[in-house]
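Colleague: coordinates only, sequence not included:
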């Protein structure tokens, strides 16, 4: 079932729609084959060197010539398990190193996000879709200039092994940058 997502989060002019499909179900896997998900973009651009194979493999998955990746592995399993922990800690982080610990122990939430389940798409880009980790509540997040976020935003939660952490020493992995850029485009923010 597809509905226009027009609650307080987004208005109809943005073209955002959400399909309420439970994750990991047959319907969810079928939906993932029907377009390009935000997590597919890194593979398509050749940026993802450790998950799911090459851009050629994703092409054959999308046209039905190769079975799509459906099984969880230790990385996807722990990523999903730790997503809630990362999102919760993020609520207490104020920009200072280890501030989330101090703020958590003091019961001082700095910002808010919420879990919104479903497959999001946009009528402007019908071949693209995303599953969001969390949505950031407008007015509940300070930007680097000190102003409050005026619109709702997205929160992409990442965890990683020590191998992945070494890659981040040079900055944010481009694979994740393109993933978030697609999510922002789909959500119209």
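Modeller: Happy to help now that I have it. Just so it is clear, the model here is predicted, and its values are computed rather than measured.
Colleague: Show me the shaky parts of the protein.
Modeller: Within the chain, the ranges that satisfy pLDDT under 70 run 1-12, 49-52, 70, 161-164.
Colleague: in it, which strand has the most residues?
Modeller: In terms of residue count, the longest strand belonging to the chain (DSSP state E) is strand 125-130.
Colleague: Give me the buried positions along that one.
Modeller: Using 16 or more other CB atoms under 10 Å as the test for burial, strand 125-130 gives 128, 129, 130. For every residue, glycine as well, the C-beta is placed using N, CA and C.
Colleague: Tell me the helix or strand right after it.
Modeller: Note on strand 125-130: by DSSP states H and E, the next helix or strand toward the C-terminus is strand 134-136.
Colleague: other SSEs contacting that following strand?
Modeller: Identification of packing neighbours for strand 134-136 by 3 or more CB pairs under 8 Å, 6 or more residues apart in numbering; DSSP states H and E yields strand 113-114, strand 153-155.
Colleague: Could you give the separation of the first one from the chain centroid?
Modeller: Counting by CA atoms, centre = their mean, to the nearest Å, strand 113-114 is centred 13 Å from the centre of its parent chain.
Colleague: Could you list the residues in contact with that strand?
Modeller: Strand 113-114 is contacted from outside by 87, 90, 91, 134, 135, 136, 137, 140, 155, using CB atoms under 8 Å, 6 or more residues apart in numbering.
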